[in-house]
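Asker: Got a predicted model here, sequence first, then my questions.
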Amino acid sequence: MNTLATLGTIRTDSESFSTQLANLESDTFSDDSELQTEMAVLGKINTATLLQIHSQQDTNQLLAASVQQQLIAQKQQIDSQNRAINNAIYFQQNFSTTQQKVTSGVSDTLRTISSARQEIEPWTRIRLHLLLRPSHSC
């Protein structure tokens, strides 16, 4: 049972518990001689003991649910730390490979740009030469 369900059950039962406790208290301090007989007093002692046992059970259920919630939170934290450690290990193991791929990609791009520039450059010189040569007017 999870913490909220346990708490809900205890809160639902608390009204009945309060009523039983109020009735026991009323009977204990009653002037009615029939409520003060030996059997009646023993009955009240038994009722008080049972109410105390139920209260202790509720406390134990809340404590167990609380511990369960703490364990779940702790497991989630440990899982998160494990993921971070695994990511760090993966990064360290694969950094050089990844770096080589990036460097290789950048080098290939620079070579492509350089060769394209070398192919375009002669045509640019010819155009400039044609544009800048003196015109012969008649």
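Answerer: Good, I have the coordinates.

Asker: What is the longest helix belonging to the chain packed up against?
Answerer: Identified as the longest helix of the chain according to DSSP state H is helix 38-132. Applying 3 or more CB pairs under 8 Å, 6 or more residues apart in numbering; DSSP states H and E, one finds that helix 38-132 contacts helix 3-28. Placement of C-beta: from N, CA and C, glycine included.

Asker: where in the protein is pLDDT low?
Answerer: 1, 116-132, 134-138 (pLDDT under 70).

Asker: quick one on the thing from earlier: taking helix 3-28 as reference, get the angle to the longest helix of the chain.
Answerer: Compare the direction of helix 38-132 with that of helix 3-28 by axes from the mean of the first three to the mean of the last three CA atoms, to 10 degrees and you get 160 degrees.

Asker: and His54, how many neighbours does it have?
Answerer: By other CB atoms under 10 Å, 15 other residues sit near His54.

Asker: wait, I meant Leu24
Answerer: By the criterion of other CB under 10 Å, Leu24 has 17 neighbours.

Asker: If we ignore the residues flanking it in sequence, what's nearest it?
Answerer: Take Leu24 and drop its neighbours on the chain: the residue closest to it by CB to CB, 6 or more residues apart in numbering is Thr47, 5.4 Å away.

Asker: My read is that the one you found contacts Gln20, right?
Answerer: Yes. Assessed by CB atoms under 8 Å, Thr47 is found in contact with Gln20 at 7.2 Å.

Asker: how much space between the residue nearest to Leu24 and Ser26?
Answerer: Thr47 sits 12 Å away from Ser26, going by CB to CB, to the nearest Å.

Asker: Who has more neighbours out of the two?
Answerer: Taking neighbours as other CB under 10 Å, Thr47 and Ser26 compare with Thr47 leading, 16 against 11.

Asker: Identify the residues contacting the residue nearest to the spatial centre of the chain.
Answerer: Among the residues of the chain, the one closest to the centroid is Gln76, at 6.6 Å (CA atoms, centre = their mean). By CB atoms under 8 Å, 6 or more residues apart in numbering, no residues touch Gln76.
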